[in-house]
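J.: Model the following, please.
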Amino acid sequence: MIKAKRIGHASFTTTDLDRQIDYYREVVGLHLVDREPKRAFLGSNAGQLAVVLEHGSQQSCNRLSFEVSPAVSFADMARELTAKGLKSETRSDSIPGLANVLTFQDLKGTTIELFSEPRFVAKGPGVGGAVALKLGHLAFAVPDPKAVADFYEQVLGFRTSDWIGDFFVFLRCGPDHHTVNFIRGPAKMHHIAFEMRDAAHLHNSCDVLGQKRMEIVWGPVRHGPGHNVAAYHFNPDGQMVEFFAELDRMSDEEGGYFDPKPWHRDLPQRPKVWDPSLQRDMWGTPPTAKFINFAK
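T.: Residues are numbered from 1 along each chain as shown. Have a look, this model is predicted:
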C-alpha cells in the first residue's frame, strides 16, 4: 500500500510572481532556492523545498507533494493506483531536490506528486521575516469531506486524527496531528500553514506581521483539535496563511494517543469527534467573521 510519510511542498499559480516571492521571503522567511522566468522555488531554513510558485492567469493551489518510502518502486505504486482506477505518470520536472515524481489527481482535482529520497536544497541569500521551520499542512474546503478523507486514507495511507462534527476532518501521514484538513464548503484551498519552533517564535512571527502592517484575522489562539497555538493572516494573493506551534504529535501509532501535554483535557488524548456545539479552543478569542466567512 502507498503510504505517505510527510508533506513535501505545495505548488501555486499566481498572477504576480515577484510579489509572492517577496511575501514568502520577507514574511514567511523562506529562501529563494532557484528562479526561472515563470517559476520560483522556495525552501525552509532547514534545507527542505516548501513552496513552488508558477505564473498563471489566477491564483490557485494546484499540486501537493508527499514523500513515500524508497522501498516501494514507482512502478509498483503506479500499478496500485491503476488498480484503484487512477491514472498516473512519472515526471522529471527539474524540481530542486527531487529526481522524479509520480503524479496523479486526488478526488478534488489537485495533482498529487509522490517522491522518495529527496536531496536537501541549498539555502539562498539571507532572509528576514518569520523564518518558518517547515511547511506544516494545507486545509481545503470541499463539498464532501468524508469522501475526500476516505480517498486519502485508502490511496495514500493517511489516518484520521479528529473530526469536528461531520463537517471538518483532520488527517495525519506522520507523527504530526494533521497534514491535510478538509472542511465542508465550496471547493477551494482554505489555508496553508507553516510551523514555528515554539510559542515564543509564533509570538515573534506576529510581530513580523505587525511590522509589515498585515492584519491578523484570527489569533493567537490555542485550538482544541491538534492543540496548536495559531495565528492567521492573508497573503497578497488573498490566500489564508496560518503560523502555528506546539501541534499535537503521535509518536507511537500503536499506542493510539497523542504525546501527553499539560493543556490536554483528555488523558490520554486520543483521536475523537469534537462536539461542534461546545467550545473547542482552549483559550483565545473566537474566530472572527473574516475567518468564518472565508470558508463559505
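
J.: mean confidence score for stretch 112-127?
T.: Per-residue pLDDT over stretch 112-127 has a mean of 85.

J.: what comes into contact with that stretch?
T.: Stretch 112-127 is contacted from outside by 2, 4, 8, 25-26, 29-33, 41, 43, 45, 47-49, 63-70, 72, 74, 77, 91, 96-106, 156, using C-beta atoms under 8 Å, 6 or more residues apart in numbering. Yep, even glycine has a C-beta here, placed from its N, CA and C like the rest.

J.: any chance you could map the helices in the stretch 51-200 of the chain?
T.: Secondary structure of the stretch 51-200 of the chain (DSSP state H, counting those that start in this stretch): helices at 74-83, 145-156, 199-211.

J.: Need the winner for burial among those.
T.: Neighbour counts (mean count of other C-beta atoms under 10 Å) averaged over each of the helices of the stretch 51-200 of the chain peak at helix 145-156, with a mean of 18.

J.: mind checking the longest strand of the protein?
T.: Criterion DSSP state E: the longest strand present in the chain is strand 4-14.

J.: what's the next secondary structure element after that one?
T.: helix 17-23 (DSSP states H and E).

J.: and the residue lying closest to residue 230 once chain neighbours are set aside, bridged to which residues?
T.: In space, residue 230 comes closest to residue 244 once its chain neighbours are excluded; the distance is 4.3 Å by C-beta to C-beta, 6 or more residues apart in numbering. On the basis of DSSP bridges, residue 244 is bridged to residue 195, residue 230.

J.: quick one: residue 244 and residue 136 touch, right?
T.: Yes - under the criterion of C-beta atoms under 8 Å, residue 244 makes contact with residue 136 at 6.4 Å.

J.: Can you work out which residues contact both of these two?
T.: Shared contacts of residue 244 and residue 136, counting by C-beta under 8 Å, 6+ apart, come down to 193-195.

J.: out of these, which one sits closest to residue 240?
T.: residue 193 (9.3 Å; C-beta to C-beta).

J.: in the lowest-mean-pLDDT helix or strand in the chain, what's buried?
T.: For the chain, the helix or strand with the lowest mean confidence is helix 289-294, at a mean of 91 (criterion: mean pLDDT, DSSP states H and E). By 16 or more other C-beta atoms under 10 Å, the buried positions in helix 289-294 come out as 291, 294.

J.: name the helices or strands packed onto that helix?
T.: With contacts defined as 3 or more C-beta pairs under 8 Å, 6 or more residues apart in numbering; DSSP states H and E, the packing partners of helix 289-294 are strand 216-222.

J.: Compute the inter-axis angle for the strand it packs on and helix 199-211.
T.: Here strand 216-222 runs at an angle of 170 degrees relative to helix 199-211 (axes from the mean of the first three to the mean of the last three C-alpha atoms, to 10 degrees).

J.: quick check: mean pLDDT across strand 216-222?
T.: Throughout strand 216-222, pLDDT has a mean value of 97.

J.: contacts for it?
T.: 202-203, 206, 209-210, 228-234, 240, 246, 263, 281-285, 287-288, 290-291, 294.

J.: Poorly predicted segments of the stretch 51-200 of the chain, please.
T.: Low-confidence segments of the stretch 51-200 of the chain (pLDDT under 70): 93, 126.

J.: Who are the contact partners of residue 70?
T.: Shown in contact with residue 70 (C-beta under 8 Å, 6+ apart): 116-117.

J.: for it, phi and psi?
T.: Residue 70 adopts backbone torsions of phi -70, psi -10, taken as degrees, to the nearest 10.

J.: So that it lines up with my notes, have the first residue be 52 from now on.
T.: All set: I'll call the first residue 52, so the last point we hit is now residue 121.

J.: Relative to residue 91, how far out is it?
T.: As judged by C-beta to C-beta, to the nearest Å, residue 121 and residue 91 stand 28 Å apart.

J.: Would you mind measuring from the residue found closest to residue 233 once you drop the neighbours it is linked to in the chain to residue 140?
T.: Spatial nearest neighbour of residue 233, excluding adjacent residues (C-beta to C-beta, 6+ apart): residue 196 at 3.9 Å. Look at residue 196 and residue 140: by C-beta to C-beta, they are 28 Å apart.

J.: likewise residue 67?
T.: To residue 140, residue 67 is 30 Å away according to C-beta to C-beta.

J.: And the two? Which one has more around it.
T.: Between residue 67 and residue 140, counted using other C-beta atoms under 10 Å, residue 67 has the larger neighbour count: 14 against 10.
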